[in-house]
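Novice: Provide a 3D model corresponding to the input given below.
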Amino acid sequence: MVRLQKLHKSYGEGTGHLHVLKGIDLEIRKGEFVSIMGVSGSGKSTLLNVLGLLDDYDKGNYYLDGQLIKELSKVETATIRNKKIGFVFQFFNLIAYKNALDNVALPLLYSGIHYKKSKSMAMEYLERFGLKDWAKHLPNELSGGQEQRIVIARAMVTSPSLILADEPTGALDSVTSLEVMQILKDKILCEAKVDCDSVGGKGYVKCYGCDPMYSCHAYPLMGKVECDRVTHRCVSVKK
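Specialist: Numbering: from 1, shown residues only. Coordinates of the predicted model:
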C-alpha cells in the first residue's frame, strides 16, 4: 500500500543545508499498524509530512496504492490527499466555530459529496464512536477524549487508504490516551482494514494490528472477533 524507495529530503542551502531523510526504504501493507520512533529532530514529522503529501521529497520514489507520487500538480495532490489520506493531529485542529457533526462532514463536502449525504455519513461515524448526542456541540464544549474521537471519525469518514496519526495522545491524560489508542486499533485496524483469510476452513480474519496487550473486537466480516494472543490473529468466535 505504501512503498518508499531510497527517499531523500533536505532543507536549506549552503551552510544551512540539512539532510533530514537519507535514503529511506519502507513498505507498509494494508492493515498494518506502524509506529515511527526516534529522538527529537530525527525526521519523524518530515516523514509524516511526505507521506501525507504536505511536503515534497527530493529524490527516490513514493508509491501510494500503486500510484507514483511525484511531480503532481496542486490540484492532483489535494485530490489524492482528500480521498486516500486521513489525518489525526495531536492538537485536534478542529474548526472552533463548527460543531462536531460539521467538523466530521467537512472532508466529504470537499470531496464533492452532497450536503445532506455528507451530514448523514458524518452522523453515522459519530454514532459509531459514541458521540451522537454530542453532534451539535462545539469543540470547546467537549473533553479532550471526545475531541480526539471526533478527529479520528473525521479521518475515517472518507474511508482513506492511509491514516497518519502525529502523536495522537500527546495532549491527553494517560487514561484517555489508552482509550484513544484502543479506538485506533479496534476501529481502524480490526474494522476498516482487515483482510478475510480462510485457514484450514476455520474462517479466520487476519488483522495485522492485533497485539497481545489488547483485545480485538471487530464486527464487519464474520460477526464477533477476538484476538488470538498466541498467533496475534483476529479469530471469529461466531458459531
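
Novice: Which of the three states applies to the most centrally placed residue in the chain?
Specialist: Closest to where the C-alpha atoms of the chain average out (CA atoms, centre = their mean) is residue 163, at 2.0 Å. Using DSSP: H, G, I helix; E, B strand; the rest coil, the structure places residue 163 in strand.

Novice: Which residue, other than its chain neighbours, is closest to it?
Specialist: Leaving aside its chain neighbours, residue 163 sits nearest to residue 86 (4.3 Å; criterion: CB to CB, 6 or more residues apart in numbering). (C-beta placed from N, C-alpha, C; glycine too.)

Novice: What count of nearby residues applies to the one you found?
Specialist: By other CB atoms under 10 Å, 25 other residues sit near residue 86.

Novice: so which helix or strand takes in residue 116?
Specialist: helix 115-128 (DSSP states H and E).

Novice: Please enumerate the helices of this protein.
Specialist: 44-51, 74-84, 100-110, 115-128, 144-156, 174-183 (DSSP state H).

Novice: which strands and helices sit next to the longest one?
Specialist: Spelled out, that is helix 115-128. Judged by 3 or more CB pairs under 8 Å, 6 or more residues apart in numbering; DSSP states H and E, helix 115-128 is in contact with helix 100-110, helix 144-156.

Novice: Those helices into CSV, with extra columns for distance to residue 41 and mean pLDDT?
Specialist: Shown next, in CSV, are the helices and strands packed on helix 115-128 (distance: least, CB to CB, whole Å; pLDDT from 0 to 100):
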stretch, distance to residue 41, mean pLDDT
helix 100-110, 31, 94
helix 144-156, 26, 89
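
Novice: Figure out which of these is closest to residue 21.
Specialist: helix 144-156 (23.9 Å; CB to CB).

Novice: export that closest one as CSV, just CAs?
Specialist: What follows is helix 144-156, C-alpha atoms only, in CSV (Å, rounded to 0.1, in the frame of the first residue of the first chain):
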residue,chain,number,x,y,z
GLY,A,144,-10.1,16.1,25.1
GLY,A,145,-11.0,12.5,24.6
GLN,A,146,-14.2,13.4,22.8
GLU,A,147,-12.4,15.9,20.6
GLN,A,148,-9.8,13.2,19.6
ARG,A,149,-12.6,10.7,18.8
ILE,A,150,-14.1,13.4,16.5
VAL,A,151,-10.7,13.8,14.9
ILE,A,152,-10.5,10.0,14.3
ALA,A,153,-14.0,10.0,12.9
ARG,A,154,-13.1,12.8,10.6
ALA,A,155,-10.0,10.9,9.5
MET,A,156,-12.0,7.8,8.7
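
Novice: got a list of what residue 104 touches?
Specialist: Going by CB atoms under 8 Å, 6 or more residues apart in numbering, residue 104 touches 122, 125-126, 150, 153-154, 157.

Novice: Let's see that with 10 Å instead.
Specialist: 94, 98, 118-119, 121-126, 129, 131, 135, 150-157 (CB atoms under 10 Å, 6 or more residues apart in numbering).

Novice: Kindly report the same for residue 63.
Specialist: 1-5, 27, 69-70.

Novice: could you redo the last one with a cut-off of 6 Å?
Specialist: The contact partners of residue 63, by CB atoms under 6 Å, 6 or more residues apart in numbering, come to residue 3.
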